[in-house]
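Colleague: Provide a 3D model corresponding to the input given below.
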Amino acid sequence: MSQTRHFLTLKDLSPAELQQVLHRGIELKAMQKSGVVYEPLIHKTLAMIFEKSSTRTRLSFEIGMTQLGGHALFLSPNDTQIGRGEPIEDSARVISSMADAIMIRTYEHDMVKSLAQYSSVPVINALTNDYHPCQLLADMQTFHEHRGSIQGKTVLWVGDGYNMCNSYINAAAQYDFKLRISCPEGYEPIAAMMEQHKDRVEIIRNPLEAAKGVDLIVTDVWYSMGHEEEMRKRLRDFADYQVDQEIMEQANPDALFMHCLPAHRGEEVSAEVMDGPQSVVWDEAENRLHAQKALLEFLLVKR
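Modeller: Numbering: from 1, shown residues only. Next comes the predicted model:
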């Protein structure tokens, strides 16, 4: 019996496997655009556990499973025993005895690790407080489509050293690029990850300085789910970290701008950049569908 593969962080796949998923995402996108019906997951079910709300994640996984011939089941904590205190280990055993894969979007990363430990089917992390690896699959595919391989390039993360930033650190290692992080004091990413990847990741506080000569600039909202009560403080702390035209002009002329959405124009990004010619945010959002279809195929289709 083959060992169950999970996708909790980008480190769960090798660099070669991530490249395979990237190129397959591009292929599946082309197939779908040309009307090819491809249903390798017929009669397969993905159980989707949402403890955090979502637009792109739910749309992309649910539509992705449908396009691959399978079915996705939306599980809200309000409507299941998970929300009433059933241990995640018990839920994992029960759900994995029926579903073919489990996707979870929640707060604590340890919960996802426990789910995977007790699940007999693949578990996909669709966002925790620490990581957002599915978004990185989409981001890397989007960069490749527009500019070719990201290997050897330089990426700038501007803003909170939160789950997206942590996943960009992993991406720097797995896709082989340099990463600069421009964040205010007190908003740094996981220290152990910074130390582990210090050969390719550095913090540069001044975003104008950090943006010089980079190939991609990425940001996210300053206060995400769970941080709303800190909103006023965060708006003050991040005031100098808006990605605007001045910052984009420091980057290479063909640099791209990405944002995982939803975006707050006038806060973390100016409307001019968000809706400007260097922004690829809509391709990036759509690629959640295609990249995750490639991931689902990788985890569920026996070769």
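
Colleague: residues in contact with the closest residue to P133 other than its chain neighbours?
Modeller: In space, and not counting its chain neighbours, P133 is closest to L10: 4.9 Å by Cβ to Cβ, 6 or more residues apart in numbering. Every C-beta, even on glycine, is put in place using the N, C-alpha and C of the backbone. For L10, the contact set (Cβ atoms under 8 Å, 6 or more residues apart in numbering) comprises L18, P133, L136, S167, N170, A171, Q174.

Colleague: ditto for A210
Modeller: Applying Cβ under 8 Å, 6+ apart, we find A210 in contact with L156, V158, R180, I181, S182, I204.

Colleague: what does T106 give?
Modeller: Per Cβ under 8 Å, 6+ apart, neighbours of T106: I49, E51, K52, V112, L127, T128.

Colleague: at 10 Å what do you get?
Modeller: By Cβ atoms under 10 Å, 6 or more residues apart in numbering, the contact set of T106 is 49-52, 77, 82, 88, 112, 115, 125-129.

Colleague: with pLDDT and neighbour count added, can I get those residues in TSV?
Modeller: Converted to TSV, these look like this (pLDDT from 0 to 100; neighbours: other Cβ atoms under 10 Å):
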residue	pLDDT	neighbour count
I49	95	25
F50	94	19
E51	91	19
K52	88	17
P77	75	14
I82	73	23
I88	90	22
V112	97	27
L115	96	24
N125	98	27
A126	98	28
L127	97	28
T128	97	24
N129	95	19
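
Colleague: mind listing which of the residues you listed are in strands?
Modeller: Members of these lying in strands (criterion: DSSP state E): I49, F50, N125.

Colleague: so which residues of the stretch 1-150 of the chain form helices?
Modeller: Under the criterion DSSP state H, counting those that start in this stretch, the stretch 1-150 of the chain contains helices at 15-33, 56-67, 88-98, 109-118, 133-147.

Colleague: and of those, who's closest to A191?
Modeller: For the helices of the stretch 1-150 of the chain, the distance to A191 is smallest for helix 109-118, at 15.4 Å, taking Cβ to Cβ.

Colleague: next, count neighbours for R84.
Modeller: 9 (other Cβ atoms under 10 Å).

Colleague: tell me how far it lies from P77.
Modeller: Noted for R84: a distance of 8 Å to P77, by Cβ to Cβ, to the nearest Å.

Colleague: okay, and the common contacts of those two?
Modeller: Common contact partners of R84 and P77 (Cβ under 10 Å, 6+ apart): none.

Colleague: relative to R265, how far out is the residue nearest to R205 when sequence neighbours are not counted?
Modeller: Nearest residue to R205, sequence neighbours excluded (Cβ to Cβ, 6+ apart): S182, at 6.5 Å. Distance of S182 to R265, given as Cβ to Cβ: 19 Å.

Colleague: looking at these two, which is more packed in?
Modeller: For S182 and R265, the more surrounded residue by other Cβ under 10 Å is S182, and the numbers stand at 25 against 13.

Colleague: got a list of what the more buried one touches?
Modeller: The contact partners of S182, taken as Cβ under 10 Å, 6+ apart, are 156-159, 161, 202-211, 217, 219, 240-241, 243, 247.

Colleague: brilliant, that's me finished.
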